[in-house]
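*Asks:* Sequence plus predicted model, see below.
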Amino acid sequence: MSKEVGLKVSVLASGSTGNATYIETPKQKLLIDAGLSGKKIEGLMNSIGRTLKDVDKLLVTHEHSDHIKGVGVLARRYGLDVYANEKTWEQMAPKIGQVKTEQKHIFERETVQTFGDLDVQSFGVSHDATDPQFYEVHYAGKSFAIVTDTGYVSDRVKGIVENADGYLFECNHDTEMLRAGIYPWSLKQRILSDQGHLSNEDSANALMSVLGTRTKQIYLGHLSQENNVKELAHLTVKRQMQAKDFGVDQDFCLLDTDPAQATELTVL
């Protein structure tokens, strides 16, 4: 397969302030989440040489604002079909404004839907939303899994996403920064809980249990603005992996993401 044709990915934005990921195959162009304004997402798309006018579908993971802020605007402005599970739709609908009935679609947890040449599998995660789910996309023997907004990675999820070609994986916080930070104790407890977010250390451990010989790219994502920094997240994951003899920067690449700058559109 030509390197110009295949499963292409750009993490448009990732962090506690907004999340959106762009997936492209020869026949499908998807957004997973739209947690920024429509204007910002269009700008991020333009920065990778694409436009929202080309996007076919928008898949939503859960109803938190950093994942749905732009959903209603994009649905209305670009006529996008929007997919989420039934409970997420119930929680999301009052927050995003009017969306035409024919643009609303149900994508239930633990199911697979096929969009053109792309198969998408949904899976539930442990997070304090109503029915949070994330997605692994499959095209021509390649796969890309998004695993963020979860307090831990269950064996069931590990079995679904193991040995993917690429991952967007949560590195939400440095535990010591969080404990010493300005958040009230109740919020710290929520983040540290099994329904919160993965720390840098937890992310490294989970990644080492799922990556395989096919894995080439790992994007470290959903970093907290208050309780993490890119360099620390990257270094923590890299050091833990190297200590267990994983071939960081040899067998696979660790890549950083940003809340306001898209990663390069890359073929897996």
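*Replies:* Noted; the coordinates are in hand.
*Asks:* Please report phi then psi for residue 164.
*Replies:* phi -70, psi 160 (degrees, to the nearest 10).
*Asks:* all helices of the stretch 101-250 of the chain, in order?
*Replies:* 155-161, 175-180, 185-192, 200-210, 230-243 (DSSP state H, counting those that start in this stretch).
*Asks:* Now do the contacts for the residue lying closest to residue 24 once chain neighbours are set aside.
*Replies:* Counting by C-beta to C-beta, 6 or more residues apart in numbering, residue 24 lies nearest to residue 8, which is 4.2 Å off, once chain neighbours are set aside. From N, CA and C alone the C-beta is placed, and that goes for glycine too. Applying C-beta atoms under 8 Å, 6 or more residues apart in numbering to residue 8 gives the contacts 23, 24, 25, 265, 266, 267, 268.
*Asks:* Just give the number of residues close to the fourth one.
*Replies:* Just to be clear, that refers to residue 265. Residue 265 sits with 16 neighbouring residues when counted by other C-beta atoms under 10 Å.
*Asks:* which residues does it contact?
*Replies:* By C-beta under 8 Å, 6+ apart, the residues touching residue 265 are 8, 9, 10, 22, 24, 48, 49, 50.
*Asks:* Name the helix or strand for the third one, please.
*Replies:* When secondary structure is defined using DSSP states H and E, the element that contains residue 10 is strand 8-13.
*Asks:* and that strand, which strands flank it?
*Replies:* Its sheet considered, strand 8-13 pairs with strand 20-24 (antiparallel), strand 266-267 (antiparallel) by DSSP bridges.
*Asks:* ok, back up a step: which of the contacts of residue 8 lies closest to residue 73?
*Replies:* residue 23 (20.0 Å; C-beta to C-beta).
*Asks:* Now do the SS call for the nearest residue to the closest one once chain neighbours are set aside.
*Replies:* Of all residues not flanking residue 23 in the chain, residue 30 sits nearest, at 4.4 Å (C-beta to C-beta, 6+ apart). Secondary structure assignment for residue 30 (DSSP: H, G, I helix; E, B strand; the rest coil): strand.
*Asks:* buried ones in stretch 111-125?
*Replies:* Neighbour counts using 16 or more other C-beta atoms under 10 Å place 113, 115, 118, 120, 121, 122, 123, 124, 125 of stretch 111-125 among the buried residues.
*Asks:* what's the average pLDDT for it?
*Replies:* Here stretch 111-125 scores 98 as its mean pLDDT.
*Asks:* now for it, what's the gap between its first and last residues?
*Replies:* Start-to-end span of stretch 111-125 (C-alpha to C-alpha, to the nearest Å) is 14 Å.
*Asks:* residues in contact with it?
*Replies:* 23, 25-28, 30, 56-57, 59, 83, 85, 107-110, 131-140, 147, 149-150, 153, 156-157, 160-161.
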